[in-house]
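In: Quick one, structure for this:
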Amino acid sequence: MRRTIAALAAAAMVLAACGGDDDTADDDTISDDTISDDTISDGDTVDLAGRTVTLLTYDSFPVIDTSMNEALDAFTAETGITIELLSGGDTGAMVSKAVLTSGNPEGDVMWGIDNTFLSRALAADVFEPYDSPAAAAIPSELTDLVPDHEATPVDFGDVCINYDIAWFDERDLAPPTTFDDLLGDDYADLLVVQNPATSSPGLAFLLATIATYGDDGWADYWSALRANGVEVVEGWSEAYYERFTWAGGGPKPLVVSYGSSPPAEVIFADPPRDDAPTGVIEATCFRQVEFAGVLRGTGEPEAARALVDFLVSERFQAELPLNVFVYPANADVDLPAEFVEHALVPDDPLTVEPGRIEEHRSAWIDEWTDIVLG
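Out: Sure thing, here's the model as predicted:
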């Protein structure tokens, strides 16, 4: 996810340092069924105390002083398994390294590979299949992405166009509601997007247009969008915090961001506010799913499986929304009030099958570059 949302995650770490969500962190005790007996492949009891597992993550994963880290500490206290965090860079870099070291991994468990890179890892046999019993609480639309259990869904979110509510209200102009609307004269020169070659949300937005217009129509759509004044920047932070009218005081009231950006604006508002200043165009939302998996060749397979069980447990999953601004994959987790009130979860998000993304990603990006930047 972004996986993916580094700036929002960094802000969330500040929130957690100031107290976080007390309701999700009151009890550091891990329930008896969090770590399954199935983590021991031969059925024998194995004492995992004293083992160390390395959790390979993308670089925006919180490393200290958040309730997510407190949850990991609780796992260590309960099981005796020490967790070492190892940053692998952004998601693309992390996956590339894992492919190169397949069978001789840098870590034991990977966190954060998403559906735009999943097929690359599966083709390289990066993961050791593991069907976590905790995955029973994960909806089938997520687990069906990995029918052979090479990895386990851990969270999801949506990349969508966000709009500045006040900007449109002040001009008595309705915000766009569809991709086609963005081609109209009323919305010329209003949208800023990220380069899909350098940005995860930029790639997700390109995939959203491919899902909408298909192989025969997406290129023509981007030609028209370019003609209507779309601006392209390298990354999310520049788009949101420099070019977007609401967050950056820039000239663009439409920006590619996340479905969880509106609640983040409420949570971190100064002065405080009860309403979200930004909205989401639901028809543009592309679903991103992140996974965790046991890395093939790990020297600690039992402890690695125990960690995967914990990463999809209610105890850990409850910490995700207010730390990394994604939705927990575990459907039994209650969402924070801010997410319930202000975040948008589309009824029918846009998707592209992971294998198709892997097959065509490079060609799509090259063609997009020729159309939009050429």
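
In: Where do the helices of the stretch 1-150 of the chain begin and end?
Out: Shown for the stretch 1-150 of the chain, the helices assigned by DSSP state H, counting those that start in this stretch span residues 6-17, 22-25, 67-79, 91-100, 118-123, 140-143.

In: Enumerate residues external to the last one that contact any of its residues.
Out: By CB atoms under 8 Å, 6 or more residues apart in numbering, the residues outside helix 140-143 that reach it are 135, 152, 153, 156, 289, 329. C-beta coordinates here come from the backbone N, C-alpha and C atoms, glycine included.

In: now it, how far from the chain's geometric center?
Out: Computed by CA atoms, centre = their mean, to the nearest Å, the separation of helix 140-143 from the middle of its chain amounts to 16 Å.

In: now it: mean pLDDT?
Out: Summarised as a single mean, pLDDT over helix 140-143 is 96.

In: And the helices in the stretch 201-350 of the chain?
Out: For the stretch 201-350 of the chain, the helices defined by DSSP H, counting those that start in this stretch occupy 218-227, 236-238, 245-248, 261-267, 301-311, 314-317, 321-324, 337-342.

In: Using JSON lines, lay out those helices together with mean pLDDT.
Out: Shown next, in JSON lines, are those (pLDDT from 0 to 100):
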{"stretch": "helix 218-227", "mean pLDDT": "99"}
{"stretch": "helix 236-238", "mean pLDDT": "92"}
{"stretch": "helix 245-248", "mean pLDDT": "96"}
{"stretch": "helix 261-267", "mean pLDDT": "94"}
{"stretch": "helix 301-311", "mean pLDDT": "98"}
{"stretch": "helix 314-317", "mean pLDDT": "98"}
{"stretch": "helix 321-324", "mean pLDDT": "92"}
{"stretch": "helix 337-342", "mean pLDDT": "92"}
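
In: Just put these in CSV and tack on distance to residue 280 and mean neighbour count.
Out: Below are the helices of the stretch 201-350 of the chain laid out as CSV (distance: least, CB to CB, whole Å; neighbours: other CB atoms under 10 Å):
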stretch, distance to residue 280, mean neighbour count
helix 218-227, 19, 16
helix 236-238, 15, 19
helix 245-248, 13, 20
helix 261-267, 6, 23
helix 301-311, 28, 25
helix 314-317, 23, 22
helix 321-324, 16, 26
helix 337-342, 10, 17
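
In: Out of these, which gets nearest to residue 93?
Out: Closest of the helices of the stretch 201-350 of the chain to residue 93 is helix 236-238, at 16.3 Å (criterion: CB to CB).
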